[in-house]
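A.B. asks: got a predicted structure plus its sequence, pasted below:
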Amino acid sequence: MSTILVVDDDDEIRTLLRLILEAEGHDAIEAANAEEGLAALDLKPEAIFVDVDMPGMSGAQFLVALRQHPLVALTPATFVTAHEDRVALFAKHGIAEKHIISKPFRRKDIRDALGRMLGSLKRRNLRVSLHPGDLSVDVDGNIDATVMRLSESEVFVRGGAVLKVGSGHTLRLRSGGKEIACQARVTNRLRGETRFAVQGDLAVQKQIKALISELLHDSHAHENVRGAERVPLSASITWERAGARDVGYLRDLSASGCYIVTTTRPALEETVMVYLPWHSRDRKAADKTMELRGAEAKVARVGSDGFGCMFTGENLEFFVALNALLSDGTVISGQGRDH
């Protein structure tokens, strides 16, 4: 049984989805708008169905906020909408699942989406690379090693005693004030790095998954998936024109401008406001509220999937946020061709 969040302002759609989910053996959390959906994230749903058109915050904006959440940023989510064209780009760039459910839908559509989302939790096994020293580990009580890479089922450790392949050990992962204890077996040793397979139960894997999500959120880790398109989880962006805000995704970022993938596009030479996400890099801080820091930009190019712009504003806080994103590995700077 899994906990599934349903975010839709249509009472009949929410009820129908709840009945289908319960018939499939799952618990359903209902949210009548995106704001209620954000509040429900504290319940740590394992998958999400979200509408697009809702009063206030849209479904796309909700998912951008979801990808900033320290505990559930990796939660799979599927759009349920009659307007697939409005969110296809968000699905393409990893903010939502690629399969979009069209309204009206059938029970089979929901069942298939559940299989993909809940199955992806097992298959994804996201591996991240860590900055040296950000995650320490005790091996059988000896504090002399550093975690270099981490996934839900594997821990890659540099330093410490030479251990025999196949031997079992107790690991204690420490990050800030958080500690996760688990049993692990040495599966490989190569070039000074020891690879452990985590032997813990589902509860331990959930703890490690939450830790990975927090490390990604605080920019102390980045994805390490060979051959996969790199999708930085905090590289979302908000932009505004004529007082109306929309959300997009950073495809490219430099100190002078950026390219924003978005479903709506301004006109060439138009002046817009762009906002970058900013949060404390101190994981010990009690307040992890994300804020937006903005600056003016002039549209330099309009493409088929978004627009490129040059920063023209003088907001010092914006450029502090920009430099942080460029320096900590959250965003990979491109070649500047699009802006």
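C.D. replies: All right, it came through fine.

A.B. asks: quick one, what contacts residue 42?
C.D. replies: Listed by CB atoms under 8 Å, 6 or more residues apart in numbering, the contact partners of residue 42 are residue 71. Backbone N, C-alpha and C define where each C-beta goes, glycine included.

A.B. asks: scratch that, residue 292 is what I was asking about
C.D. replies: Each residue near residue 292 by CB under 8 Å, 6+ apart is listed here: 238, 275-278.

A.B. asks: helix, strand, or coil at residue 95?
C.D. replies: coil (DSSP: H, G, I helix; E, B strand; the rest coil).

A.B. asks: okay, residue 32: pLDDT?
C.D. replies: For residue 32, the model assigns a pLDDT of 95.

A.B. asks: same check on the one 5 residues further on?
C.D. replies: In the prediction, the pLDDT value recorded for residue 37 is 94.

A.B. asks: what's the answer for residue 231, then?
C.D. replies: With respect to pLDDT, residue 231 scores 34.

A.B. asks: same thing with residue 55?
C.D. replies: At residue 55, pLDDT is 88.

A.B. asks: could you measure from it over to residue 35?
C.D. replies: Residue 55 is 10 Å from residue 35, where distance means CB to CB, to the nearest Å.

A.B. asks: higher neighbour count, the two?
C.D. replies: Legend: neighbour count by other CB atoms under 10 Å for residue 55 and residue 35, higher for residue 35 (16 against 10).

A.B. asks: residues contacting the more buried one?
C.D. replies: Residue 35 makes contact with 56-57, according to CB under 8 Å, 6+ apart.

A.B. asks: tell me which element it falls in.
C.D. replies: Taking DSSP states H and E as the criterion, residue 35 maps to helix 34-40.

A.B. asks: what's around residue 103, how many residues?
C.D. replies: 15.

A.B. asks: for the contacts of residue 292, which one is nearest residue 75?
C.D. replies: Checking these against residue 75 with CB to CB, the nearest one is residue 277 at 17.9 Å.

A.B. asks: now do the SS call for the closest one.
C.D. replies: The local conformation at residue 277, judged by three-state DSSP, is strand.

A.B. asks: distance of residue 259 relative to residue 274?
C.D. replies: Counting by CB to CB - residue 259 and residue 274 are separated by 11 Å.

A.B. asks: what sits in contact with each of those two?
C.D. replies: residue 309.

A.B. asks: which regions of the stretch 201-339 of the chain sit below the pLDDT cut-off?
C.D. replies: Residue ranges of the stretch 201-339 of the chain with pLDDT under 70: 216-236, 278-290, 314-315, 323-339.

A.B. asks: so where do the helices sit in it?
C.D. replies: 202-217, 316-327 (DSSP state H, counting those that start in this stretch).

A.B. asks: same check on the stretch 1-150 of the chain?
C.D. replies: Here the stretch 1-150 of the chain has its helices, by DSSP H, counting those that start in this stretch, at 11-23, 34-40, 59-66, 84-92, 107-124.
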